[in-house]
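[1] compute the structure for the input listed below.
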Amino acid sequence: MIQRGRNSKYPSKIEVWREGDLVPEWLSDRARVESVDLGSGEKILKINKLSSGGIEIISSDWTNTLIKTSGEGDYVCFGDNRIFSLSEIQLNLLYKNDVEK
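    Reported below is the predicted structural model:
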């Protein structure tokens with residue numbers, strides 16, 4: 001996804017992941033992989049559910065939190081070598097798909 005405007009607080013290009021999607025390499029490299037599905041090869045991350053509806057992904061060091069999302073359905077984003085969380089509304093305001101004209 002690419003940024004719609006110019007906001008220096010956010011990367012100009014990002015990749016996104018949402019719980020339930022296939023885990024991308026940029027996330028599995030930094031997060032604790034709890035197991036791997038032997039049939040599909042899909043990685044399963046160590047994720048804790050939060051009372052807010054969000055999730056907490058544990059870091060690959062097994063002790064720290066890599067990222068927390070605020071609510072259910074929030075996106076985990078990666079750009080400029082950092083990971084951050086955005087709600088769907090925030091994502092749609094800040095970014096557009098690369099394929100949009």
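[2] any idea of the mean pLDDT for the longest helix along the chain?
    Scanning the chain for the helix with the most residues, using DSSP state H, yields helix 88-94. Throughout helix 88-94, pLDDT has a mean value of 95.
[3] ok, stretch 35-51 next?
    The model assigns stretch 35-51 a mean pLDDT of 94.
[4] buried residues in that stretch?
    Lys43, Leu45, Lys46 (16 or more other CB atoms under 10 Å). To be clear about C-beta, it is placed using only N, CA and C from the backbone, and glycine gets the same treatment.
[5] mind checking how far the first one is from Ile58?
    In other words, Lys43. 13 Å (CB to CB, to the nearest Å).
[6] and what of Glu15?
    20 Å.
[7] related to what we said a few turns ago, who does the following helix or strand past the longest helix of the chain pair up with?
    Downstream of helix 88-94, the first helix or strand assigned by DSSP states H and E is strand 95-96. Strand 95-96 sits in its sheet next to strand 2-3 (antiparallel), going by DSSP bridges.
[8] ok, residues contacting the helix or strand that the partner strand is followed by?
    Helices and strands here follow DSSP H and E; after strand 2-3, the next one along the chain is strand 15-17. With CB atoms under 8 Å, 6 or more residues apart in numbering as the test, strand 15-17 has contacts from Met1, Val23, Pro24, Trp26, Leu27, Tyr75, Val76, Cys77, Phe78, Gly79, Leu86, Leu91.
[9] can you give me the neighbour number for the first one?
    The burial metric for Met1, expressed as a neighbour count using other CB atoms under 10 Å, is 21.
[10] now do the strands in this protein.
    2-3, 15-17, 33-36, 43-45, 47-49, 55-58, 65-68, 75-79, 82-86, 95-96 (DSSP state E).
[11] contacts only, for the residue nearest the centre of the chain.
    Closest to where the C-alpha atoms of the chain average out (CA atoms, centre = their mean) is Val76, at 1.9 Å. Val76 makes contacts with Val16, Trp17, Arg18, Leu27, Ile57, Ile67, Thr69, Ile83, Phe84, Ser85, as judged by CB under 8 Å, 6+ apart.
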